[in-house]
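1. Just a sequence and a predicted model for now, questions to come.
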Amino acid sequence: MLHPDTNEAPVYNLYINGQWRTPRSELYEPTFDPATGEILGYVAKADAEDTREAIRAAREAFDDGYWASMAPGERSRLLHQIVDAVEERQFELAELEMRDGGCTWRKATLMDIPVGLIHFRHFAKLADFEPLEPLPQIQFPALSYNYVRREPIGVCGQIIPWNFPFLMAIWKIAPALAAGNTVILKPASYTPLSALKLVEIIHDTGLLPPGVLNLVTGPGQVVGPELCSNPMVDKIAFTGSTEVGRDIIRQAASTVKKMTLELGGKSPNIILEDADLDLAVDGSLWATFMHNGQACESGTRLFVPTSIYDEFMERLVDRARQLKVGLPDDGETDLGPVISAGQLHTIEDYIQVGIQEGATPVLLGERPTDPELANGFFITPTIFTDVRNDMRIAQEEIFGPVLAVIKYDTVDETIRMANDTIYGLAAGVWSRDVERAISVANRIKAGTVWINDYHLISAEAPFGGYKQSGLGRELGVYGLHEYTEVKHIHVDLTNSRDARFWYDIVVPRKE
Ligand code: NAD
Ligand code: MN
């Protein structure tokens with residue numbers, strides 16, 4: 001669409017080389033509130049040339065060496081000041097997060113923004129790392145001194161999804177900046193506002209040199225390929241669907257970029273016979289329906305043992321019926337809207353698929369009739385029983401409030417089914433016997449396993465996927481290291497030629 005009337009809703013530009021710029025095309029796209037349909041703002045639609053401009057800015061800012069070779073302690077100090085500035089604006093950020101992406105106010109204020117700040121703060125702290133790591137003394141072939149030097153990788157293109165817009169922006173820019181890289185961030189088109197606000201706050205601090213952090217909004221199919229294939233970009237970090245992830249790998253292949261990918265999931269949540277039922281029932285609801293199931297790690301395949309099946313399911317369905325679908329700013333709301341009309345249709349299609357496959361909808365999701373919700377994308381929770389692990393509703397990521405319940409007899413059988421998926425992001429195990437739960441956790445092929453809990457992602461712990469759930473890890477030192485190259489430096493301490501090892505070259509045998 002054309003440049004909008006600025007009185008209507010705010011207009012957001014591209015952030016390139018420390019300046020806010022209009023897109024070359026002068027085109028903007030609206031972003032909506034999925035609860036009401038209201039237009040919240042008009043967001044610049046970058047093309048490939050705008051993207052290249054941002055890449056050039058990030059390249060120059062990296063190559064001039066000021067940011068990359070700054071003393072780690074100094075970079076850490078600046079990042080701490082930036083986190084302070086972001087923290088001061090946290091309610092503004094929470095409001096944008098709720099309105100643009102449809103998360104509940106409870107989630108925005110208790111989870112998205114405060115946890116994002118904790119993670120950002122942790123990377124500000126990790127920024128003060130020791131880049132030189134001595135190696136054990138190596139006599140190869142004679143006395144030498146060896147060490148590893150951790151260096152930033154360079155220019156990082158970072159592409160994020162719509163489901164946790166603020167947190168995903170932090171997970172990308174915080175470790176990249178902490179390690180001394182420069183960044184071009186591309187938010188999802190449905191939810192650009194909290195990332196734009198974050199960058200605005202950072203810009204207003206005046207603490208980062210121009211070009212170190214750039215933000216480009218626009219279509220994934222235009223901005224994405226440019227970031228992935230441009231030879232001036234050294235690393236791609238992507239969070240999104242496995243399907244687009246495969247495409248990113250193809251696009252990045254020609255320049256063999258460093259890469260981290262956080263992709264989809266279909267995580268198993270396993271109830272053992274001796275689980276604390278109250279805890280496990282509520283935990284299973286939390287695992288599945290948090291943010292409407294729009295989380296990559298959602299526990300959407302629930303394994304329940306035959307011996308406690310009837311009692312467990314009765315309690316689970318009873319509690320699920322009490323979940324309140326409503327407006328995100330209502331403190332009583334458990335489930336707000338899903339992100340878009342398209343996502344709502346996908347969910348409804350999957351419900352039909354489940355019925356056709358022969359699963360039983362013991363709770364059938366439908367659009368609420370409340371007139372207050374008429375303009376938003378709302379749907380009530382669905383629980384399917386009689387699910388077999390080979391059904392599409394058990395194998396494919398739905399990204400909505402739909403739970404597939406699978407009954408099992410033996411633990412071996414459930415572990416086999418739990419692992420029988422292309423994904424491996426996360427899992428849950430519920431038991432009163434921690435030793436037993438750990439033995440199950442050890443056999444699950446997933447990057448995170450929660451025992452008697454779910455969805456807890458800590459700043460220090462690695463997060464990421466086995467199998468087609470991704471490559472690499474985010475958070476903690478694991479996440480920081482994904483933004484560094486390691487260089488081995490070998491210093492010969494003997495200052496002599498070594499005839500044994502300069503084997504192919506004719507050298508004087510005696511000095
Ligand atoms: P998506 O894959 O459709 O889009 C993700 C981002 O990629 C968006 O910014 C989009 O504009 C961009 N994009 C689209 N096409 C592209 C292309 N051809 N090249 C480059 N970029 C392109 O995903 P989504 O619908 O925004 O998010 C939901 C998905 O994200 C789910 O599959 C979910 O599991 C996954 N996710 C994973 C994690 C994790 O940490 N593993 C976290 C959150 C979400
Ligand atoms: Mn939106």
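-> Noted; the coordinates are in hand. Ligands and ions are numbered 1, 2, ... in the order given.
2. Run through the residues of this protein sitting next to ligand 1.
-> 159-164, 186, 188-189, 220-221, 224-225, 239-241, 244, 247-248, 262-265, 296, 397, 399, 425, 465, 469-470 (C-beta under 6 Å from any ligand atom). Every residue, glycine included, has its C-beta placed from N, CA and C.
3. Can you turn the buried part of these into a ChimeraX selection?
-> The buried residues among the residues of the chain next to ligand 1 can be selected in ChimeraX (16 or more other C-beta atoms under 10 Å) with this line:
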select :159,160,161,162,163,164,186,188,189,220,224,225,239,240,244,247,248,262,263,264,265,296,397,399,425,465,469,470
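4. ok, then the element right after the worst-scoring helix or strand of the chain on mean pLDDT?
-> When the helices and strands of the chain are scored by mean pLDDT, DSSP states H and E, strand 138-139 comes last with a mean of 68. Next along the chain after strand 138-139, taking DSSP states H and E as the criterion, comes strand 143-152.
5. And the next helix or strand past that next one?
-> Past strand 143-152, the next helix or strand by DSSP H and E is strand 155-159.
6. Using the record's assignment, carve this structure into domains.
-> 51-263+465-488, 268-451 (automatic domain parsing).
7. In TSV: those domains, plus distance to W502.
-> Converted to TSV, the domains of the chain look like this (distance: least, C-beta to C-beta, whole Å):
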stretch	distance to W502
domain 51-263+465-488	10
domain 268-451	45
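8. and E314, how many residues sit next to it?
-> 12 (other C-beta atoms under 10 Å).
9. Could you pull up the residues touching it?
-> If a contact means C-beta atoms under 8 Å, 6 or more residues apart in numbering, then E314 has no contacts.
10. same thing with G428?
-> Contacts of G428 by C-beta under 8 Å, 6+ apart are 267-270, 283-284, 287, 299, 449-451, 453-454.
11. give me the element H203 is part of.
-> Under the assignment here (DSSP H and E), H203 is part of helix 193-205.
12. gap between that helix and the chain center?
-> 19 Å (C-alpha atoms, centre = their mean, to the nearest Å).
13. quick revisit: looking at the domains of the chain, which is closest to T36?
-> With C-beta to C-beta, the closest approach to T36 among the domains of the chain belongs to domain 268-451: 5.3 Å.
14. ok, that closest one near ligand 2 or not?
-> No - Domain 268-451 is not in contact with ligand 2 by C-beta under 5 Å from the ion; minimum separation 7.5 Å.
15. tell me how far that domain is from the chain's mean position?
-> Distance of domain 268-451 from its chain centroid, counting by C-alpha atoms, centre = their mean, is 20 Å.
16. now stretch 238-250
-> 13 Å.
17. do stretch 158-175 as well
-> 6 Å.
18. Could you export it as PDB, CA atoms only?
-> Coordinates of each C-alpha in stretch 158-175 appear next as PDB, following Å, rounded to 0.1, in the frame of the first residue of the first chain:
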ATOM      1  CA  GLN A 158      18.800 -12.500  11.800                       C
ATOM      2  CA  ILE A 159      15.300 -13.500  10.900                       C
ATOM      3  CA  ILE A 160      12.600 -14.000  13.600                       C
ATOM      4  CA  PRO A 161       9.000 -15.300  13.800                       C
ATOM      5  CA  TRP A 162       5.800 -13.800  15.100                       C
ATOM      6  CA  ASN A 163       5.100 -15.900  18.200                       C
ATOM      7  CA  PHE A 164       7.500 -14.300  20.700                       C
ATOM      8  CA  PRO A 165       8.500 -11.200  18.900                       C
ATOM      9  CA  PHE A 166      10.300  -9.400  21.700                       C
ATOM     10  CA  LEU A 167      12.000 -12.500  23.200                       C
ATOM     11  CA  MET A 168      13.100 -13.700  19.800                       C
ATOM     12  CA  ALA A 169      14.600 -10.200  19.000                       C
ATOM     13  CA  ILE A 170      16.600 -10.300  22.300                       C
ATOM     14  CA  TRP A 171      17.800 -13.900  21.700                       C
ATOM     15  CA  LYS A 172      19.200 -12.700  18.400                       C
ATOM     16  CA  ILE A 173      20.700  -9.300  18.900                       C
ATOM     17  CA  ALA A 174      21.900  -9.800  22.500                       C
ATOM     18  CA  PRO A 175      24.400 -12.600  21.900                       C
END
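19. Is it in proximity to ligand 2?
-> No - if you take C-beta under 5 Å from the ion as the test, stretch 158-175 misses ligand 2, and the best it gets is 7.5 Å.
20. and that stretch, what's its mean pLDDT?
-> The pLDDT scores in stretch 158-175 average 98.
21. low-scoring pLDDT stretches of this structure, where are they?
-> Applying pLDDT under 70 to the chain picks out residues 1-7, 138-141, 498-501, 503, 506-511.
22. which ones are touching R443?
-> Counted by C-beta under 8 Å, 6+ apart, R443 has contacts I415, N419.
23. nope, L227 is what I meant
-> Counting by C-beta under 8 Å, 6+ apart, the residues that L227 touches are T51, I55, G157, I159, I184, K186, V233, I236.
24. which strands and helices sit next to the helix holding H203?
-> Contacts defined by 3 or more C-beta pairs under 8 Å, 6 or more residues apart in numbering; DSSP states H and E place helix 193-205 against strand 14-16, strand 39-44, helix 72-88, helix 90-101, helix 165-178, strand 213-215.
25. Save those as TSV, and put in mean neighbour count too.
-> What follows is the helices and strands packed on helix 193-205, written out as TSV (neighbours: other C-beta atoms under 10 Å):
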stretch	mean neighbour count
strand 14-16	24
strand 39-44	21
helix 72-88	17
helix 90-101	23
helix 165-178	27
strand 213-215	27
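26. export those to CSV and tack on distance to V148?
-> As requested, these are exported to CSV (distance: least, C-beta to C-beta, whole Å):
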stretch, distance to V148
strand 14-16, 34
strand 39-44, 41
helix 72-88, 15
helix 90-101, 38
helix 165-178, 18
strand 213-215, 27
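27. Quick one: closest of these to P337.
-> Closest among the helices and strands packed on helix 193-205, using C-beta to C-beta: helix 90-101, at 9.4 Å.
28. The closest one packs against which elements?
-> Going by 3+ C-beta pairs under 8 Å, 6+ apart, helix 90-101 lies up against strand 39-44, helix 113-126, helix 165-178, helix 193-205.
29. sorry, back to before: taking the contacts of L227 one by one, which sit in helices?
-> Among the contacts of L227, the members found in helices (DSSP state H) are T51, I55.
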